[in-house]
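Colleague: dropping the sequence and predicted coords here.
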Amino acid sequence: MKILVCISNVPDTTTKITFTNDNTEFNTAGVQYIVNPYDEIALSKAIELTEGGKGTVTVINVGEAANDPTIRKALAIGADDAVRVNAAPRDAYFVAKQIAEYAKDKDFNIILTGRESIDYNGNQVAAMVGEFLDIPSISIIKKLEVNGDSATLEREIEGGKEVVTVSGKFVASCAEGVAEPKIPNMRGIMSARTKPLVVVDAVEIDVVTKVTKYETPAPRGTVKLVPADQTEQLISLLHSEAKVI
């Protein structure tokens, strides 16, 4: 079994977000980067599926050389080798196309991603990769079991669960519950230094999106406390100030 896990290099969750160049670019100064947490879940599941010599796990990242420490962490967690597509990840379409171009002749049985990256929260890459490769794509799975050439996946839907069975190659984006994120041990950290990290050139594709402006959320307003027995006042405030009714 050959599994490809797509990982993103994202700002740490405690990062203070600011923008530069007239609010058209993310300010990277002083930002610490980590493996996207949802991608760590996907990676942990891939490692579980291949334990005991059952297969190999390759991680792929679309990014520049500054991403290498994040990729090495994925290797320390347990991936066998890594690939970095040498290009800035300008949007989800670009990233998905680069991953598909790399994977199209590598005969991976399964391609896993996180449900979304915590910087843009787009939930787009997995479906696009499936479309580019013309293989099934299952989004936001909560459970994955593999039996031979088929797999059973579970998704949460409104009011219940959906169970999907797929045969052959597929792409899936993983959410909480698929696996517990693994913490690299000292042996993994040491071995990560010598595991293969191959850098490949990006394929040229048309620019399909352009960021015109970033905006931070509006500051939180003051809180008004209304006594529990003052329902008329509460309704009035919801209508006249909050304007939600």
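Modeller: Nice, thanks for sending it over. Numbering: from 1, shown residues only.
Colleague: could I get the lengthiest helix in the chain in PDB with only the CA atoms?
Modeller: Assignment by DSSP state H gives helix 37-50 as the longest helix of the chain. Coordinates of each C-alpha in helix 37-50 appear next as PDB, following Å, rounded to 0.1, in the frame of the first residue of the first chain:
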ATOM      1  CA  PRO A  37      -3.200  20.100  12.600                       C
ATOM      2  CA  TYR A  38      -5.800  18.400  10.300                       C
ATOM      3  CA  ASP A  39      -3.000  17.200   8.100                       C
ATOM      4  CA  GLU A  40      -1.300  15.700  11.200                       C
ATOM      5  CA  ILE A  41      -4.500  13.600  11.700                       C
ATOM      6  CA  ALA A  42      -4.300  12.400   8.100                       C
ATOM      7  CA  LEU A  43      -0.600  11.600   8.500                       C
ATOM      8  CA  SER A  44      -1.200   9.600  11.700                       C
ATOM      9  CA  LYS A  45      -3.900   7.600  10.000                       C
ATOM     10  CA  ALA A  46      -1.600   6.800   7.100                       C
ATOM     11  CA  ILE A  47       1.100   5.600   9.500                       C
ATOM     12  CA  GLU A  48      -1.500   3.400  11.300                       C
ATOM     13  CA  LEU A  49      -2.500   1.800   8.000                       C
ATOM     14  CA  THR A  50       1.000   1.000   6.900                       C
END
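Colleague: check which strands are paired with the following helix or strand past that helix and give the direction for each one.
Modeller: Sequence-wise, the next helix or strand downstream of helix 37-50 (DSSP states H and E) is strand 56-63. Strand 56-63 has the following sheet partners, assigned by DSSP bridges: strand 2-6 (parallel), strand 81-86 (parallel).
Colleague: mind listing what's buried in the longest one?
Modeller: Within strand 81-86, the residues that qualify as buried by neighbour count (16 or more other Cβ atoms under 10 Å) are 82-85. Glycine gets a C-beta too; all of them are placed from N, C-alpha and C.
Colleague: okay, those residues in CSV with pLDDT and distance to residue 185 next?
Modeller: Below are the buried residues of strand 81-86 laid out as CSV (pLDDT from 0 to 100; distance: Cβ to Cβ, whole Å):
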residue, pLDDT, distance to residue 185
82, 98, 18
83, 98, 24
84, 98, 24
85, 98, 28
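Colleague: re the thing from before, chain center to the longest helix of the chain: distance?
Modeller: 11 Å (Cα atoms, centre = their mean, to the nearest Å).
Colleague: what is that helix packed up against?
Modeller: Judged by 3 or more Cβ pairs under 8 Å, 6 or more residues apart in numbering; DSSP states H and E, the packing partners of helix 37-50 are strand 2-6, strand 56-63, helix 68-77, strand 110-114, strand 137-147, strand 170-174.
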